[in-house]
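Fold the following, please.
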Amino acid sequence: MTTATTPPPSLARGGEPVSAPGTGGGPLDWFESRLAKDPDAPAVVCGPDTWSYRQLDRNAHLITERLRGLVGPGELVGVRLDRSPLLVAAAVALARLGAVYLPLGTEPAEERLRALTEDAGIGCLLTEAGAEPPVGWDLEQPAPASADGATGGLSGLGVARRGEGPAPRRTEAFYAVTTSGSTGTPKIVLVPEAGLANLVRWTCDRLAIGPGSRVSLLIGTTFDPHLMELWAALCSGAALHIAPEEARGSTAGLFDWWREAAVTHCILPTPLADLAFSRPWPAGLALRHLSVGGDRMRVRPPADCTAAVHNMYGPAEATVLTTSHRVEAVADAAEPVPIGVPVSGVTVGVVGPDGELLPRGESGELLIGGAGLAIGYLDAARTAERFAPGPDGLGGRVYRSGDRVRMRADGVLEFLGRLDNQVKISGVRIEPAEVESALEAHPSVRRAVVVPVPGAGGAPRLAAFLRPAEGGEPAEAEVLAAARARLLPQAVPAVVRVVADFPLNANGKIDRTELAALLEREPSVGPEPSVEPPVEGEPSTEPDAVGAGPEGFVLATCRTLLDRPDLTLDANFAEAGGTSLAAARLLAAIEEEYRIRCRAAEVMRQPDLAALADLIRRRVSRG
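A predicted model of the protein is given here:
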């Protein structure tokens, strides 16, 4: 019996799974039941185009027939599609075929794609019609047109195959997703239908998703939360609304889309939510539930936010979502936002170095078990490292998350950081070893060490320290260009330094803390930015000259956002480390300064910052 002086163990269970949103035993059954019940209800909305459940069924059937004989049950199929009705139809089609949906994003880095496909034995890729197949892949005959015509120009499907014999089968998996790997190659997580079913049950019940709900499809397709959006909508009879790029690229575009589409449920990556919470909250929204996840929440919702905000936590190895916490705007802003309590069917525990459960109030590693647990990785050895029997009290098989947490006396979890070298950049889990391996592939680099360092606003960024190969002189631009072919954009280092050797600690290992400190001790680059106009009105590209007008504004803002004081006007925003979230922050700054609206795509496609400044000048002149 627990006494008043003895804290209970750090163990919490999310309760029994809630009722299913439809008849049958899993997501595909629930979709089919909604299709039979109300076939003419809106299923997918993309701008002015809407597919009913009947139309979605027809288009999924066409894809199923197109792939029959090419894809078998349990075969991993790489999906290189953006958020679109075509993606939704492909997800339904692959589920009907019993194939394993593996989202890769629209433009995965070439070497990363090669490593993934070879590791997984992928023999089939789905792309949009007209997209060039990767090297070594052959396009099959074009897919038939949509049964309902060329809706939104998204009806064509490209199918690429590799003629290397039958692909391996994983019939127990419903979908798969990639994460960063400590061995230098990405890991592939296999998730069973039961895990997704548990997630969908909880999401539809707790967030009140059902017929009449308008659910966002906003999360990028390389991230598994988009499956939570997709299947929660289709299983409940809701309409899935596909976010335009403007909604992902700026808070103004996001607010406009929420209002125009009357979105009721949305998931936002934490950095974009932090930015949205920092802006004046729009009135008249239909938004009822806003789920936030992917990183540590640093900004609470404003007091006038009318939606229920949920801070969510969960690794891919536990089917997207493990815990959830309702965030109150009136709470003390200085207090960290908890990650909450486990969802239905999930069990969590906090253990010490010996693997035993700790008393509540003590920090340790988070273990996850229960209905959301993944099958494991495609690699059995990696699976054995992270999935193991749980300690007494937790019971069963668990996933060792590597996350350091503390369970409060009320059973609510607080996230404290990582126990290993893994770091999150813009919501993406990055293994420094994978980045190091990509950098070392360049012939001028003998050894690379990558460490996280504080960036603008306190968010981490990656710094790479390179020791040259014999006779080599690593050039930052060349090394990073080669690394981009192997890495996710978020994993490309923001800072590169060439060193003769690495500092060692008392144990003779590389002292990563000292490497990070080297950057802090570096003198600042040049004097404080000047606001004087450049000579003869020409924008200077010197690192310490900012200048006036749009050029000065763009340069100063990008230097701050990207934490790159060396940026010049001839730098490319994306290649300098600009992500979609950095673009959103830049757009917000442009709107506040000049009272004009630009789109994220316009920022990302400019050849350099000077061209972006010219775009602003032209937009201002037109009023």
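
For the rest of this, base every contact and every neighbour count on C-alpha atoms.
Fine.

Tell me the gap between stretch 174-191 and the middle of its chain.
On the basis of CA atoms, centre = their mean, to the nearest Å, stretch 174-191 sits 13 Å off its chain's mean C-alpha point.

which residues sit against it?
With contact meaning CA atoms under 8 Å, 6 or more residues apart in numbering, stretch 174-191 is reached by 76, 95, 98-104, 112, 115-116, 120, 173, 192-193, 222-224, 316-317, 319, 373-379, 429-438.

Among those, name the ones in helices.
95, 112, 115-116, 120, 193, 432-438 (DSSP state H).

Just the buried subset of the contacts of stretch 174-191, please.
Among the contacts of stretch 174-191, those classed as buried by 16 or more other CA atoms under 10 Å are 76, 95, 98-104, 112, 116, 120, 173, 192-193, 222-224, 316-317, 319, 373-378, 429-438.

out of the ones in helices among the contacts of stretch 174-191, who's nearest Pro452?
Of all those, Pro452 sits closest to Pro432, with 8.5 Å by CA to CA.

need the helices for the stretch 151-300 of the chain, in chain order.
For the stretch 151-300 of the chain, the helices defined by DSSP state H, counting those that start in this stretch cover 193-206, 225-236, 245-249, 251-261, 270-277.

for the stretch 1-150 of the chain, same thing?
With helices called from DSSP H, counting those that start in this stretch, the stretch 1-150 of the chain shows them at 27-37, 53-67, 85-97, 110-120.

out of those, deepest packed?
Sort these by mean neighbour count, taking mean count of other CA atoms under 10 Å, and helix 85-97 sits at the top with a mean of 23.

Near the nearest residue to Pro282 once chain neighbours are set aside, how many other residues are there?
Sequence neighbours aside, Phe255 is the residue nearest to Pro282 in space, at 6.9 Å (criterion: CA to CA, 6 or more residues apart in numbering). Neighbour count for Phe255, taken as other CA atoms under 10 Å: 17.

Put together JSON lines for the helices of the stretch 1-150 of the chain, with distance to Leu218 on each row.
What follows is those, written out as JSON lines (distance: least, CA to CA, whole Å):
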{"stretch": "helix 27-37", "distance to Leu218": "20"}
{"stretch": "helix 53-67", "distance to Leu218": "19"}
{"stretch": "helix 85-97", "distance to Leu218": "13"}
{"stretch": "helix 110-120", "distance to Leu218": "23"}
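
Tell me which of those helices lies nearest to Arg597.
Per CA to CA, nearest to Arg597 of the helices of the stretch 1-150 of the chain: helix 85-97, 27.4 Å.

Show me what the closest one is in contact with.
28, 44-46, 51, 56-57, 59-61, 63-64, 68, 71-73, 81, 100-101, 154-157, 174, 230.

Buried residues, stretch 453-463. List them.
Within stretch 453-463, the residues that qualify as buried are 453, 455, 459-463, counting by 16+ other CA under 10 Å.

With stretch 415-426 instead?
Across stretch 415-426, burial judged by 16+ other CA under 10 Å covers 415-416, 422-426.

One more: stretch 202-217?
Neighbour count says stretch 202-217 has 202-205, 209-211, 213-217 buried, by 16+ other CA under 10 Å.

List the residues that contact the one residue sitting closest to the centre of the chain.
The centroid of the chain falls nearest to Phe223 when counting by CA atoms, centre = their mean (4.2 Å). Phe223 makes contact with 103, 177, according to CA under 8 Å, 6+ apart.

again, but for Leu240
Shown in contact with Leu240 (CA under 8 Å, 6+ apart): 43-45, 214-217, 229-230, 233-234.

circling back: which one of the helices of the stretch 151-300 of the chain is the most hemmed in?
helix 225-236 (a mean of 25).

Flag the shaky bits of the stretch 151-300 of the chain, pLDDT-wise.
151-155, 163-166, 181-184 (pLDDT under 70).

neighbours around Asp40, how many?
When neighbours are defined as other CA under 10 Å, Asp40 has 13 of them.

Equivalent analysis for Val350, please.
Val350, neighbours per other CA under 10 Å, totals 29.

One more: the one 10 residues further on?
Here the neighbour count serves as a burial measure; for Arg360 (other CA under 10 Å) it reads 22.

thought it was touching Pro8?
Yes. Applying CA atoms under 8 Å, one finds Arg360 in contact with Pro8, separated by 6.0 Å.

Which neighbours do the two have in common?
Counting by CA under 8 Å, 6+ apart, the residues touching both Arg360 and Pro8 are Ala409.

Quickly find the element holding Arg467.
strand 460-468 (DSSP states H and E).

and after that strand, which helix or strand comes next?
With secondary structure assigned by DSSP H and E, strand 460-468 is succeeded by helix 476-484.

and Thr264, what does it touch?
Per CA under 8 Å, 6+ apart, neighbours of Thr264: 213-215, 286-289.

can you rerun that using 6 Å?
214, 286-288 (CA atoms under 6 Å, 6 or more residues apart in numbering).

ok, these vs Ala307, which is closest?
Using CA to CA, these come closest to Ala307 at Arg288, 4.5 Å.

Can you list phi and psi of Glu362 for me?
Main-chain dihedrals, Glu362, degrees, to the nearest 10: phi -100, psi 150.

That one and Arg404, how far apart?
In this structure, Glu362 and Arg404 are 10 Å apart, going by CA to CA, to the nearest Å.

Neighbour count for the two, which is higher?
Arg404 (20 against 17).

which secondary structure element contains that one?
Assigned by DSSP H and E, Arg404 belongs to strand 397-407.

can you pull out the strands in the stretch 451-600 of the chain?
With DSSP state E, counting those that start in this stretch as the criterion, the stretch 451-600 of the chain has strands at 460-468, 495-498.

hang on, the earlier thing: which among the buried residues of stretch 453-463 gets closest to Ser278?
Nearest to Ser278 out of the buried residues of stretch 453-463 is Ala459 (CA to CA; 15.9 Å).

List the residues that contact that closest one.
Counting by CA under 6 Å, 6+ apart, Ala459 has no contacts.

for the one 3 residues further on, same thing?
Listed by CA under 6 Å, 6+ apart, the contact set of Leu462 reads 451-452, 493-494.

could you redo the last one with a cut-off of 8 Å?
Listed by CA under 8 Å, 6+ apart, the contact set of Leu462 reads 450-453, 491-495.

about what we covered before: can I get the contacts of Leu240 in a markdown table with distance to Ala384?
Converted to a markdown table, the contacts of Leu240 look like this (distance: CA to CA, whole Å):
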| residue | distance to Ala384 |
| --- | --- |
| Ala43 | 40 |
| Val44 | 40 |
| Val45 | 42 |
| Arg214 | 41 |
| Val215 | 37 |
| Ser216 | 36 |
| Leu217 | 34 |
| Glu229 | 30 |
| Leu230 | 31 |
| Ala233 | 34 |
| Leu234 | 34 |
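
Looking at these, which two lie furthest apart in space?
The span of the contacts of Leu240, defined through CA to CA, is set by Val45 and Glu229 at 13.4 Å.

in terms of contact, does Ser10 touch Leu358 like I think?
Yes. Judged on CA under 8 Å, Ser10 makes contact with Leu358 at a distance of 5.6 Å.

These two: who's more crowded?
Each of Ser10 and Leu358 has its neighbours counted (other CA under 10 Å); Ser10 has more, 28 against 23.

what comes into contact with the worst-scoring helix or strand of the chain on mean pLDDT?
In the chain, the helix or strand scored least confidently by mean pLDDT, DSSP states H and E is helix 110-120, which has a mean of 80. Residues from elsewhere that reach helix 110-120 (CA under 8 Å, 6+ apart): 76, 122-123, 134, 168, 185-186, 188, 378, 485-487.

where are the low-confidence patches of this structure?
Confidence mapping of the chain against pLDDT under 70 gives the ranges 1-5, 141-155, 163-166, 181-184, 330-334, 456-458, 505-509, 523-547, 623.
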